[in-house]
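In: Let me see the structure of the following:
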Amino acid sequence: MATITTDSPAANNRTMAMALIASVFVVATCGLIYELLASTIASYLLGDSVMQFSTIIGVFLFSMGLGSWVSRYVRKDEMRLFIRAEILIALIGGWAAALLFLLFPVVDYFRILLYALVVGIGFLSGLEIPLLMRILRRDFDFRETVSTVLTFDYVGALAASLLFPLILMPYIGMMRTGFLFGFANAAVAIALVWIQPARRKYAPELLAGILVALSLIAGFAGSERFQRFAETASLEEPIVHAVSSPYQRIVVTRRGENISLFLNGNLQFSSLDEYRYHEALVMPVLGRVEEPRNVLILGGGDGLAAREVLRDPRVERVTLVDLDPAITELFRNSPMLSRLNEDSLTDPRMTVINADGFRWVREDDGRYDAVIVDFPDPTDFSLGKLYSTSFYSALRPRLAPGAVMSVQSGSPFVAPQAYWTIAATLEESGFATRPYHAYVPSFGDWGFILAANGAVPEQSNIRPGGRFVTQESEPALFDFPPDMARRPAEPNRLDNQRLVRTFADEWRRYDG
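Out: The predicted structure follows:
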């Protein structure tokens, strides 16, 4: 703590100075939290996390610089302006996350709204620190003021950067985090008014601060309702289950007999036609393995791919590796959902492991007769790494002699370049491949790729009983019309993640 100069005011002024120094920490922490929230929400809703984080951080910092520059024109009453800035940041920053989620499904110019909020919060944050430094100079010399303010500013930034991924996102959620830190800004404003010697002069600010704080408390209490309202407006189907895990937002909807799963707003399956997808994912690979006794499933925490695997009487053991225990527990324990997967996750032949597939594949030493890769689409870089040469190269030793692997690979119609990039990536990693596709009404034409360390067998022995894939229908899956035919594509490497950008660009053009 800096030393108070010999000509510092009386005890009440020292209390004010200490309160202002403490507020530096709060201001810095809140500012970075708002920045991280905006970037994460933009990635969640718009995709391309690198683009969103880069542009939002850049705009936020520019706006802070603009606020700092404007502060030079403040000639008097810095304390009142600082308190007002805190109240405005509390209001805008605290409600920003909820506002973005609520308006995303209904506004056409979402990006304009997003960046307007970022500019507003950044401008006010940039205004705060220069005002604080000017106020503190009354009680500290210049060097002490600069070093003290910057020290607490940087410590606050460190606190925010650790709290956000380790505690706030996994356990509180984005909306509640916004309300919580908005309340922190409002509390600073109220506290500074309360310790003013001429408190009555700040009565309008005190009233505004209290009203904003109460609105944020109400918002925090009602955040789950806001989240459900936003999801209902976006999904237009009744929600029967919604929860935020440390890894994703999980929403289950039901309309009549149709049950749908959404992860981070993206449809994963509809119970009306999911059998088409899962039969296409599983039956061609098992039909090309003579004795698929030991099967590995990567992803597929809903147990639907496992259901198809366990219908094959030759299968003796299944290992399912999925990152999120919230998914596997939901589909294991919910009667409605466990009926859908036919209790595959509690089958005695099943072993469920909750782990990061990218790391697990490197640490595992097992050998599997069939491997089924059922990861979500590569919408961001954390998923894109699961479609990289690094991942596939690490996966190759897990295949026993004669083993075959299937990989869900997106739409060869909507995103053909991304689809053939996955094929090129598997081949670059040493696999032989056989691409194929199937029509799933909920998704359209969907692509898969068979891969093996040797040549992928052309002949198959499809088990009977399939509703979609049969011995007679399977050959048609490998026929690609000209508009989905193979095209040149570069492999997806961990250091460039070209697949994520390609996937986002192609789907953006298709969705408009």
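
In: Are we agreed that residue 401 is in a helix?
Out: No: using DSSP: H, G, I helix; E, B strand; the rest coil, the secondary structure at residue 401 is strand, not a helix.

In: ok, now which ones touch it?
Out: Counting by Cβ atoms under 8 Å, 6 or more residues apart in numbering, residue 401 makes contact with residue 453. All C-beta spots, glycine's among them, are computed from the backbone N, C-alpha and C.

In: And the closest residue to residue 168 other than its chain neighbours, which helix or strand is it part of?
Out: Sequence neighbours aside, residue 177 is the residue nearest to residue 168 in space, at 4.5 Å (criterion: Cβ to Cβ, 6 or more residues apart in numbering). Secondary-structure element containing residue 177, defined by DSSP states H and E: helix 174-194.

In: Return the set of buried residues in that helix.
Out: Across helix 174-194, burial judged by 16 or more other Cβ atoms under 10 Å covers 174-193.

In: do stretch 464-472 as well
Out: Applying a neighbour-count criterion of 16+ other Cβ under 10 Å, one finds 466, 468, 469 buried in stretch 464-472.

In: how far away is the residue nearest to residue 477 when sequence neighbours are not counted from residue 197?
Out: In space, and not counting its chain neighbours, residue 477 is closest to residue 436: 4.2 Å by Cβ to Cβ, 6+ apart. Using Cβ to Cβ, to the nearest Å, we find residue 436 at a distance of 78 Å from residue 197.

In: Have a look at these two and say which one is more surrounded.
Out: residue 436 (21 against 9; other Cβ atoms under 10 Å).

In: Which strands or helices does the strand or helix carrying residue 117 pack on?
Out: Secondary structure from DSSP H and E places residue 117 in helix 110-136. Contact here means 3 or more Cβ pairs under 8 Å, 6 or more residues apart in numbering; DSSP states H and E; on that basis helix 110-136 packs against helix 11-46, helix 49-70, helix 78-103, helix 142-163.

In: Please work out which of those is packed deepest.
Out: helix 78-103 (a mean of 23; mean count of other Cβ atoms under 10 Å).

In: If you average the pLDDT over it, what comes out?
Out: Mean per-residue pLDDT for helix 78-103: 91.

In: what do you get for stretch 27-45?
Out: Across stretch 27-45, pLDDT averages out at 87.

In: would you put the C-alpha positions of it in CSV?
Out: Output of stretch 27-45 as CSV, limited to C-alpha atoms (Å, rounded to 0.1, in the frame of the first residue of the first chain):
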residue,chain,number,x,y,z
VAL,A,27,-13.3,-1.7,-11.6
ALA,A,28,-10.5,-3.6,-13.3
THR,A,29,-12.0,-7.0,-12.5
CYS,A,30,-15.5,-6.0,-13.7
GLY,A,31,-14.2,-4.4,-16.9
LEU,A,32,-12.3,-7.6,-17.9
ILE,A,33,-15.3,-9.8,-17.0
TYR,A,34,-17.6,-7.7,-19.3
GLU,A,35,-15.0,-8.1,-22.0
LEU,A,36,-14.8,-11.8,-21.6
LEU,A,37,-18.5,-12.2,-21.4
ALA,A,38,-19.1,-10.3,-24.7
SER,A,39,-16.4,-12.3,-26.4
THR,A,40,-17.8,-15.6,-25.1
ILE,A,41,-21.4,-14.8,-26.0
ALA,A,42,-20.4,-13.7,-29.5
SER,A,43,-18.5,-17.0,-29.9
TYR,A,44,-21.5,-18.9,-28.6
LEU,A,45,-24.1,-17.2,-30.8
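
In: And the strands in the stretch 151-300 of the chain?
Out: Assigned by DSSP state E, counting those that start in this stretch, the stretch 151-300 of the chain shows strands spanning 239-244, 249-255, 258-263, 266-270, 294-299.

In: how about the ones you listed in CSV, adding mean neighbour count and distance to residue 390?
Out: Listed next are these as CSV, based on neighbours: other Cβ atoms under 10 Å; distance: least, Cβ to Cβ, whole Å:
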stretch, mean neighbour count, distance to residue 390
strand 239-244, 17, 29
strand 249-255, 19, 28
strand 258-263, 20, 24
strand 266-270, 18, 24
strand 294-299, 24, 15
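
In: Can you lay out those strands as a markdown table showing mean pLDDT and distance to residue 111?
Out: Shown next, in a markdown table, are the strands of the stretch 151-300 of the chain (pLDDT from 0 to 100; distance: least, Cβ to Cβ, whole Å):
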| stretch | mean pLDDT | distance to residue 111 |
| --- | --- | --- |
| strand 239-244 | 83 | 24 |
| strand 249-255 | 89 | 21 |
| strand 258-263 | 91 | 22 |
| strand 266-270 | 89 | 19 |
| strand 294-299 | 97 | 31 |
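
In: Fine, thanks again, bye for now.
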